[in-house]
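Q: Build the 3D model from these lines:
(2 chains)
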Amino acid sequence: MATLLEVRNLQTQFFTQDGVVKAVNGVSYTVNEGETLGIVGESGCGKSVGVMSLIRLIPTPPGKIVNGEVIFDGQDLLKASDDEIRSIRGNKISMIFQDPMTSLNPVLTIGRQIGEALELHLGMDRNQARTRTIELLELVGIPSAADRVDNYPHQFSGGMRQRVMIAMGLSCNPQLLIADEPTTALDVTIQAQIVDLVKRLRDEIGMAIIWITHDLGVVAGLADRMLVMYAGYIVEEAPVKDLYRDPRHPYTLGLLGSLPRLDADRPYKLSSIDGLPPDLIDFPPGCPFYARCNYRIDICRTDNPPLETVGVGHKVACHVDVTTAQPTTEHPVEEAM
Amino acid sequence: MTTNGKNDVLLSIKNLKMYFPITRGIIFQRHVGDIKAVDGLSFDIKRGETLGLVGESGCGKSTTGRAILQLYQPTDGMVVFEGNELTTLKGESLRKMRRHMQMIFQDPYASLNPRMTVGSIIGEPLEVHNILSGKARRERVKELLDIVGLNPYFINRYPHEFSGGQRQRIGVARALAVQPDFIVCDEPISALDVSIQAQVINLLEDLQDKFGLTYLFIAHDLAVVRHISDRIAVMYLGKIMELTDRATLYREPLHPYTRALLSAVPIPDPVLEEEREKHRVILEGDVPSPANPPEGCNFCTRCPAKERVFKEMGIDCDVVEPKFAEARPDHWVACHLYESSRPN
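A: Residues are numbered from 1 along each chain as shown, chains lettered A, B, ... in the order given. Down below sits the predicted model:
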């Protein structure tokens, strides 16, 4: 599979009154043509900021991409001119967001909003754009598309609005679709509709997808490969089946163990990860997961482990081999609770 | 978690309705319709059990929790708590009952008064019900902080100094303060990160064992509800579609909506998901408006079994509403498909 996107050492920070928030701390990965990469992690881990940095959607100030390269189509997007990046956004790389109500413009009809990208990037005139927009709405399953093209966002339900966002995102046949928690705000049966739709369109159009979520369930059926992020670092990277069957990072282990599964029988106690994520301003030295880790050893306190290969396509950032080590039962280091 | 052998009913809901009026007009408000948020619910909650109430947004589950606690005045129906009919109580007598039933709210950021210290927040129920005072009250508050796993030293801090998960623990401590018998947990973990959710779930389970609590656990996440509940009620558009124990609901779901819901819930296992994909039930369309529910079965606009019912039983689900009845022992369902199999 050919490489579509290559991210090297991406670092994004926010300069605030309270200090410098180190949101993304040297993240490197690739996305291949046609593949779906899942990025999981909890709030504050840097997954959203990371992908917004790829297409320079970070508000500057207070944010700043302080380091890194994002190679797409032979070009470093971080060094491209404003015009160049604008011609790529919505066109070759498009993005859909979590809350469709706040991501859509409430005072423009959805026809105008979808048409905007078509007119701008594909040079269509108003009529051509309208025709294509209706086709796109039908493609994403909006009933009575020809009538609804002149409706406003508030006239649609949550699931329908997300379909509108998907139509917008796909309008120019992107090579890469970035989906930032697109189903988190939706009911589970609507989520199933949207995931089903995205899969069908992905197979038809052949685009690559980066799907960001905190829901390890949704992404299990979607992704080809996965990245697990914590405190602005990638802590584990693996093909999807390997990640769930053979997790190697204590955080990944903890996350998978803390999920109540629909197919599980009681009685069993959920294993929870004690403590809280670290302060992104006042980073302690060493591994960011040290204080909450059940496998920690002395070196973890001072040395942040780099990502190392442990299997085919499987990398983990950890000093310890969790397959052989014994977890401790000591409580986390800080006053955590 | 154990029901200690007694099948003793703590709370009995009969035909509970909560309608919110829709009015038109600026000067003279005309009552033009109702949002039928809760439309005739009947079920019992046994002492010591956890009844899960699950459904998607807008189905009326949170409203049900509030109507039971009389935070809303029910439009119709009865709520009998330990022999007391709550809907007929007012003023002082209702306030005294409130000591036995408490609530944990969904939003850890909105449910704590930002201008009160944690100590005052947890102590407030003690103050309202005239329990303990002065030093004794303060000691009780510290004890509660400890019970929920927070450092008692935090008693003078303000909510904004805590994380979401910690705030939710404060909410739990507040609910426990008056030693209630019954707690309505209204989506207590939805706003929390995954690894923190497990902490709070474990805490709620431990407290139930320790204090013999009875829970009504309201949530939209079926995996979580299945984990913590003994029995589960599935709600759709203001009505209960199915009610049975957790094992049976998963193993033998009867209602087409329950089947669709179970099918839609993702499981964190890629191999399993590949298999499940082949049998996935995808519902068409959206939920109807609670201001204008269908004449017949509430689920008729999206039900994959509607045609089968018409062909095999000659019943038009669009027009005829199914009764909520016991289709198998301890397994209640509101669906025409099971009407002939009801035990007599």
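
Q: contacts, neighbours, all on C-alpha from now
A: Noted.

Q: Output the set of residues of chain A in proximity to chain B.
A: A:42-43, A:157, A:159, A:187-193, A:214, A:216-221, A:240-241, A:244, A:254-256, A:258-266, A:269-274, A:337 (CA under 8 Å from any CA of the partner chain).

Q: again, only this time at 6 Å
A: Along chain A, the residues adjacent to chain B under the rule CA under 6 Å from any CA of the partner chain are A:187, A:189, A:192, A:216-218, A:220-221, A:241, A:258, A:260-262, A:270, A:272-273, A:337.

Q: Could you report the pLDDT at residue 187?
A: Just going to use chain A. Taken from the predicted model, the pLDDT recorded for residue A:187 is 85.

Q: please go with chain B instead
A: Value for residue B:187, per-residue pLDDT: 91.

Q: what's the answer for residue B:5, then?
A: With respect to pLDDT, residue B:5 has a value of 47.

Q: Number of residues surrounding residue B:91?
A: Using other CA atoms under 10 Å in any protein chain shown as the criterion, residue B:91 is surrounded by 7 other residues.

Q: Quick check: the gap between it and residue B:187.
A: Between residue B:91 and residue B:187 the computed distance is 28 Å (CA to CA, to the nearest Å).

Q: The residue lying closest to residue A:320 once chain neighbours are set aside: which element?
A: Residue nearest to residue A:320 in three dimensions, not counting chain neighbours: residue A:295, with 7.0 Å by CA to CA, 6 or more residues apart in numbering or on different chains. No secondary structure element spans residue A:295, as it lies outside all helices and strands (assigned by DSSP states H and E).

Q: and the gap between the residue of the stretch 101-250 of chain A found nearest chain B and residue B:220?
A: Per CA to the nearest CA, the residue of the stretch 101-250 of chain A with the smallest distance to chain B is residue A:217, at 3.9 Å. The span separating residue A:217 from residue B:220 equals 15 Å under the rule CA to CA.

Q: still on that earlier bit, where helices are concerned, which of the residues of chain A next to chain B count?
A: Using DSSP state H, the members of the residues of chain A next to chain B that fall in helices are A:189, A:192, A:241.

Q: Any idea how far apart the tips of stretch B:238-251 sit?
A: Using CA to CA, the span of stretch B:238-251 from its first residue to its last is 25 Å.

Q: list the buried ones in it?
A: For stretch B:238-251, a neighbour-count test (16 or more other CA atoms under 10 Å in any protein chain shown) marks B:238-247, B:249-250 as buried.

Q: next one: stretch A:291-310
A: When neighbours are counted by 16+ other CA under 10 Å, the buried residues of stretch A:291-310 are found to be A:291-296, A:300-301, A:304-305, A:307.

Q: Run the chain-centre distance for it.
A: Taking CA atoms, centre = their mean, to the nearest Å, one finds stretch A:291-310 lying 24 Å from the centre of the chain it belongs to.

Q: Ok, stretch B:303-312 next?
A: Relative to the mean C-alpha coordinate of its chain, stretch B:303-312 is positioned 30 Å out (CA atoms, centre = their mean).

Q: Contacts for it, please.
A: The list of residues contacting stretch B:303-312 from outside it, by CA atoms under 6 Å, 6 or more residues apart in numbering or on different chains, reads residue B:316.

Q: how about the CA coordinates for it, as PDB?
A: The C-alpha trace of stretch B:303-312 is given here as PDB (Å, rounded to 0.1, in the frame of the first residue of the first chain):
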ATOM      1  CA  CYS B 303     -39.800  -1.700  13.100                       C
ATOM      2  CA  PRO B 304     -38.300  -4.400  10.900                       C
ATOM      3  CA  ALA B 305     -41.000  -6.900  12.100                       C
ATOM      4  CA  LYS B 306     -44.000  -4.900  11.300                       C
ATOM      5  CA  GLU B 307     -44.700  -6.600   8.000                       C
ATOM      6  CA  ARG B 308     -44.400 -10.000   9.600                       C
ATOM      7  CA  VAL B 309     -46.900  -9.200  12.300                       C
ATOM      8  CA  PHE B 310     -49.400  -8.100   9.600                       C
ATOM      9  CA  LYS B 311     -48.900 -11.200   7.500                       C
ATOM     10  CA  GLU B 312     -48.900 -13.700  10.300                       C
END
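
Q: What residues sit buried inside it?
A: Residues of stretch B:303-312 classed as buried by neighbour count (16+ other CA under 10 Å): B:303-306, B:309.

Q: Next, format these as JSON lines and append secondary structure.
A: As requested, these are exported to JSON lines (DSSP: H, G, I helix; E, B strand; the rest coil):
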{"residue": "B:303", "secondary structure": "coil"}
{"residue": "B:304", "secondary structure": "coil"}
{"residue": "B:305", "secondary structure": "coil"}
{"residue": "B:306", "secondary structure": "helix"}
{"residue": "B:309", "secondary structure": "helix"}
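
Q: which of those residues lies closest to residue A:19?
A: The shortest gap between residue A:19 and any of these belongs to residue B:303, at 54.5 Å (CA to CA).

Q: Distance of the closest one relative to residue A:255?
A: For residue B:303 relative to residue A:255 (CA to CA), the value is 35 Å.

Q: Spatially nearest residue to whichever residue of chain B sits closest to chain A (excluding sequence neighbours)?
A: Scanning chain B for proximity to chain A using CA to the nearest CA identifies residue B:268 as nearest, at 3.9 Å. Here the nearest residue to residue B:268 in space, its sequence neighbours aside, is residue A:217; by CA to CA, 6+ apart that works out to 3.9 Å.
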